[in-house]
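In: could you look at this predicted model? Sequence included:
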Amino acid sequence: MKLYSFFNSSTSFRVRIALALKGLPYEYAAVNLRAGEQGAEEYRALSPAAIVPTLVDGEVKLTQSLAIIDYLDATYPAPRLVPQDPLERARVLEIAQTIACEIHPINNIRVLKYLSGPLKVSEADKSAWYAHWVEEGLGAVEQLLAARPRSSYCVGEAPTLADCCLVPQVANAQRMGCDLSRFERVMAVVEHCMAQPAFIAAAPSNQPDYVG
């Protein structure tokens, strides 16, 4: 198994967490987003959208982190990251998609580069844009967590796809200087997760292409 990844990519971080939780070994192939390596013709043959991560498992080639994790859950089901119980499954997907569909797409590196490049948005306004959507999205996640009994993870007492999405999103928000102090439930989950071996192993600073 081979994972094309960038240490600071939150979507790559999601998949690295899933692989670590499942104990699946893989070859790490670095794709430097800052240097534009994702646009190379050779990489586009694997990822037509020129994004990371890309997973290669034998003859299987997949992009999009949620699709990759769904494949891993179906192919290597222990431990399951999306519960089979219909309601618990929906709870996990509700949180995961709030992050993956409502925060990440409008705050990722391609969008930020377009804002500061062709649209000539100032650095201050770009930061305000980023912080606004983090506030909106994590505010929603905080309410979802607060509506249920407190637990160590987003849903229940075992890590799920929701945690695979939440931890990288918070890591990115912290790197961008966002004030997350009001998201008490969110930060409690993240703190617990980041004390666990799989999350530590998947962290950006523990990747072979890490640059401080």
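Out: Cool, the structure landed. Numbering: from 1, shown residues only.

In: what is the longest helix along the chain packed up against?
Out: For the chain, the longest helix by residue count, based on DSSP state H, is helix 123-146. Packing partners of helix 123-146 (3 or more Cβ pairs under 8 Å, 6 or more residues apart in numbering; DSSP states H and E): helix 86-97, helix 109-116, helix 161-175, helix 184-193. The way it works is simple: take the backbone N, C-alpha and C, and place the C-beta from them, glycine included.

In: quick one, which of the ones you listed is nearest to R14?
Out: helix 161-175 (4.6 Å; Cβ to Cβ).

In: tell me what angle that closest one forms with helix 123-146.
Out: Helix 161-175 runs at 150 degrees relative to helix 123-146, counting by axes from the mean of the first three to the mean of the last three Cα atoms, to 10 degrees.

In: run a quick neighbour tally on the residue nearest to G212 when sequence neighbours are not counted.
Out: Nearest non-adjacent residue to G212, counting by Cβ to Cβ, 6 or more residues apart in numbering: S205, 7.5 Å away. As a burial measure, S205 scores 11 neighbours (other Cβ atoms under 10 Å).

In: again, but for the one 4 residues further on
Out: Residues lying near D209 (other Cβ under 10 Å) number 14.

In: who are the neighbours in contact with the nearest residue to it once chain neighbours are set aside?
Out: Of all residues beyond its chain neighbours, the one nearest D209 is A30 (3.7 Å), with distances taken as Cβ to Cβ, 6+ apart. By Cβ atoms under 8 Å, 6 or more residues apart in numbering, A30 lies in contact with Y4, S5, F6, F7, Q207, P208, D209.

In: returning to what we had before: just checking, the residue nearest to G212 is part of a strand?
Out: No: using DSSP: H, G, I helix; E, B strand; the rest coil, the assignment for S205 is helix, not a strand.

In: now it: how far from R148?
Out: According to Cβ to Cβ, to the nearest Å, S205 and R148 sit 31 Å apart.

In: ditto for Q207
Out: Taking Cβ to Cβ, one finds Q207 at 33 Å from R148.

In: and those two? which has more neighbours close in?
Out: Neighbour tally, Q207 and R148, criterion other Cβ under 10 Å: the higher count belongs to Q207, 20 against 12.
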